[in-house]
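K.L.:
turn this into a structure:
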Amino acid sequence: MTDSASNEKIPVQVFVNDPAPLPAKKPGSGDENEERGNWTSQMDFMLSCIGYAVGLGNVWRFPYLCYSNGGGAFLIPYVIMLMFAGIPLFFLELSIGQYGSNGPIRCWRSVPAIRGVGYGMVAASAFVGIYYNVIICYTIFYMIQSLTSVLPWEDCHHSWNSYLCSELFDECVDEGGIVTLNKTCVPIANLTSEEKAFYNVSEDGNLTHYTDPFHDDRKGPSEEFYRNGMLHDSGSIEESGYVIWQLALCLLLAWLIVFLCLAKGIKSSGKVVYFTATFPYIVLFILLIRGLTLPGFKDGIIFFITPRWELLKNPKVWKDAAVQIFYSLSASWGGLTTLSSYNRFKNNCFRDAMIVPLLNCATSVFAGVVIFSILGAMAYELGKPVAEVVDEQFGLAFVAYPEAVTHMPGSPVWSFLFFFMLLTLGLDSQFCIIETVVTALTDQFPDYLRPRKTKLVAGYCTACFFIGLICVTQAGSYWVVLMDKYAADFALLIFAFMECIGIGWIYGAKRFSNDIRTMVGDRIVDSVLFKWWSLNWCFLTPAVLSFVLLFNWSSWSNPTAGDYEFPAWAHGFGWVLIMSSISWIPIVWVYEFVKAEGSILERFRAMGTPTSDWGPALPAHRNEAYNVHERHGTTMGGTIDGFSPEDYMHVNQPKYVPTENGIAMGNLRGESV
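P.N.:
Residues are numbered from 1 along each chain as shown. So this is what the prediction gives:
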């Protein structure tokens, strides 16, 4: 307001109902969405997506699944599942997050009845984040142990080694002795005739027919280091023993790294990924060059890629391909929605959804070639078939590969590089897992938590560290396996199925396509090929997911940790983890039904109707979205200004409005009254 006589601006004194003024806008941050923030550049987002999708599973899970499910033939179901499930869901999650600028819970203001999926994703991410950082702490431990001239798992002369260590038998035979049933090495010259006959040793000391009495129980030095030297394995989840202080310190360091990289949100993590997302490719390339120079590398690669077509008849192969796609692309975790929610509204999410999944799957194949070239050389060195030196998941990363590098010149260097690569692969994924939970919380309570995000991250990391201490006890490895098997198994498939039903059928594929049109333009959406995505969201992807779910349930058996069978209470705990994720779907459904008003039909209609504030975050984009939907025969979902009918009833109630001269009285639209 100005005085007409003096033309000087004077402050306005008003009486208002609110106890405090509205918060001022952030000073020029350069962000399109100044309240929530955006990625500093498009490359920040792309590298974050690549880092999130390309994780530890690409290095140790995919190679094992590929060779065990038909070798090169496995790529057929893998690519089919990528096209019919992986990429469609990847595109869906990037689009819905970017359109509404919200995380995995608030994005379901588009379909309130499905909002429980968002809570389930956050719960699953929270569980996984606890044990995933324990695996990262393993890589830190191995990195530290690699800082030596001789790797500690090269021989059997350490405090953690047992009489079953395989190198002890080889050393005994090389020195002219045999291992007897009393677990000692006895020189052949000291054996009586009866003892020689008992152990099939000829009188002249020939060992052709001699067999190691403990052959079936022998373990390599790398396995004993993993089990005894690092894990201090108690043999049972029921025998926790003590906290392994070395692993506890590594776990603390892992959580400290996560906190420091997430302290400033995407502004800090978006810079870290320039290193963590690219460094693994450099190491993989170096390891490939080294592997191709080793004798026997061809045997490993041929073993990896040789197709066994007969295995494609087995439904399990197709199920494994689908599950690996979800693990590999990180779909249905909520992380993709979280990352894309910080995009600028006009970012080409269609392009991103094509590039990242294809690059991710190419990385899986590339990593498989690298790993098996080195395992082939190891098999050649030991004189064994490649199949006998391959191990599964944790065993491949922490047993088979560490043993393989001991047969390479300069083994500590190659060991350090490999585990440093695993560290960067794991950290990328962990950043997004934790950011998913933190973003969901700040979106739910923006006024209180968003200004305190750094403290929230610190508190959350601290809590997860203390909870994770159970995973660095003597029974810790069993807790890690138990949580890995249960925390996010078929729950991910259920979340994905519900996403397709919610967007494809309730929200409407045509309406969702016009949401995407608002962001990427007419040229992409009007293409004939774009109809492929609606066809997937409505029919093909739910059908694939239904098949995988039904097969999963029909062939379900209680998970084990290798040969170890968990007690009944452990399986009960596992089912609690599963139910704590998927139970949010019916809980929220019932809540929305009870909250709605009217007849049963009207309540169902309200549950499937977007809330008034659903849609783009900024007014200019809401106006554009409204016009785009109107031109193409759909509705935007939310209202053009984000107000519900109840809001309009109070639209003229006085509110604080920041002005050039201080605080003036305004209404919900920001108009002065």
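K.L.:
from here on, just use CA atoms for contacts and neighbour counts.
P.N.:
Fine.
K.L.:
what are the boundaries of the strands in the stretch 501-650 of the chain?
P.N.:
With strands called from DSSP state E, counting those that start in this stretch, the stretch 501-650 of the chain shows them at 560-561, 564-565.
K.L.:
again, but for the chain
P.N.:
Along the chain, the segments classed as strands by DSSP state E run 177-179, 185-187, 560-561, 564-565, 655-659, 662-666.
K.L.:
I'd guessed residue 121 sits against residue 330; true?
P.N.:
No. Residue 121 is beyond contact range of residue 330, at 11.2 Å (criterion: Cα atoms under 8 Å).
K.L.:
who has more neighbours, those two?
P.N.:
A side-by-side neighbour count of residue 121 and residue 330, using other Cα atoms under 10 Å, places residue 121 first with 26 against 23.
K.L.:
could I get the contacting residues of that one?
P.N.:
If a contact means Cα atoms under 8 Å, 6 or more residues apart in numbering, then residue 121 has 104, 332, 333, 334, 492, 495, 581 as its contacts.
K.L.:
would you show me how to pick out the buried ones of these in ChimeraX?
P.N.:
Buried subset of those, written as a ChimeraX selection, criterion 16 or more other Cα atoms under 10 Å:
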select :104,332,333,334,492,495,581
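K.L.:
tell me the contacts of the residue nearest to residue 187 when sequence neighbours are not counted?
P.N.:
Among residues not flanking residue 187 along the chain, residue 177 sits closest, at 3.9 Å (Cα to Cα, 6 or more residues apart in numbering). Going by Cα under 8 Å, 6+ apart, residue 177 touches 185, 186, 187, 188.
K.L.:
who wins on neighbours among those?
P.N.:
Busiest of those [other Cα under 10 Å] is residue 188, holding 22 neighbours.
K.L.:
re earlier: which one among the contacts of residue 121 gets closest to residue 426?
P.N.:
residue 333 (15.6 Å; Cα to Cα).
K.L.:
what's the spacing between the closest one and residue 369?
P.N.:
Taking Cα to Cα, to the nearest Å as the measure, residue 333 falls 28 Å from residue 369.
K.L.:
equivalent analysis for residue 420, please.
P.N.:
The value you get for residue 420 to residue 369, if Cα to Cα is used, is 19 Å.
K.L.:
what's the closest of the contacts of residue 177 to residue 319?
P.N.:
Nearest to residue 319 among those, with distances taken as Cα to Cα, is residue 185, at 48.8 Å.
K.L.:
out of residue 420 and residue 369, which sits in the busier spot?
P.N.:
More neighbours surround residue 369 than the other of residue 420 and residue 369, with 24 against 21 (other Cα under 10 Å).
K.L.:
how close does that one sit to residue 399?
P.N.:
Counting by Cα to Cα, the separation of residue 369 from residue 399 is 18 Å.
K.L.:
same deal with residue 632?
P.N.:
Residue 632 sits at a distance of 58 Å from residue 399 (criterion: Cα to Cα).
K.L.:
who's more crowded, the two?
P.N.:
In terms of neighbours (other Cα under 10 Å), residue 399 is the more surrounded of residue 632 and residue 399; the figures are 24 against 12.
K.L.:
so what's residue 449 scoring on pLDDT?
P.N.:
On pLDDT, residue 449 comes in at 91.
K.L.:
run a quick neighbour tally on the nearest residue to it once chain neighbours are set aside.
P.N.:
Leaving aside its chain neighbours, residue 449 sits nearest to residue 442 (5.2 Å; criterion: Cα to Cα, 6+ apart). Using other Cα under 10 Å, the number of residues around residue 442 comes to 19.
K.L.:
for residue 442, give me its contacts.
P.N.:
Applying Cα under 8 Å, 6+ apart, the residues near residue 442 are 448, 449, 450, 453.
K.L.:
what about the last one, neighbour count?
P.N.:
Looking back up the chat, that one is residue 453. A total of 20 residues lie near residue 453 under the criterion other Cα under 10 Å.
K.L.:
contacting residues around it?
P.N.:
If you count contacts by Cα under 8 Å, 6+ apart, residue 453 has them with 263, 264, 265, 438, 442.
K.L.:
can you give me the distance of the first one to residue 271?
P.N.:
Residue 263 sits 12 Å away from residue 271 when distances are taken as Cα to Cα.
K.L.:
one more: residue 347?
P.N.:
Going from residue 347 to residue 271 by Cα to Cα gives 19 Å.
K.L.:
how far away is the residue nearest to residue 413 when sequence neighbours are not counted from residue 404?
P.N.:
In this structure, residue 413 finds its nearest non-sequential neighbour in residue 146, 7.4 Å apart by Cα to Cα, 6+ apart. Distance of residue 146 to residue 404, computed by Cα to Cα: 14 Å.
K.L.:
cool, and residue 376?
P.N.:
9 Å.
K.L.:
higher neighbour count, those two?
P.N.:
Ranked by neighbour count (other Cα under 10 Å), residue 376 and residue 404 place residue 376 first, with 30 against 22.
K.L.:
how about the more buried one, nearest residue that isn't a chain neighbour?
P.N.:
Spatial nearest neighbour of residue 376, excluding adjacent residues (Cα to Cα, 6+ apart): residue 300 at 3.7 Å.
K.L.:
what sits against the one you found?
P.N.:
Per Cα under 8 Å, 6+ apart, neighbours of residue 300: 372, 373, 374, 375, 376, 377, 386.
K.L.:
tell me the pLDDT of the residue nearest to residue 449.
P.N.:
The pLDDT attached to residue 442 in the predicted structure is 93.
K.L.:
one more: the one 10 residues further on?
P.N.:
Looking at residue 452, its pLDDT stands at 92.
K.L.:
what of residue 22?
P.N.:
Predicted confidence (pLDDT) for residue 22: 36.
K.L.:
about what we covered before: ok, so of the contacts of residue 121, who is nearest residue 198?
P.N.:
Residue 198 lies nearest to residue 492 out of the contacts of residue 121, by Cα to Cα, at 57.2 Å.
K.L.:
relative to residue 499, how far out is the closest one?
P.N.:
For residue 492, the distance to residue 499 equals 11 Å [Cα to Cα].
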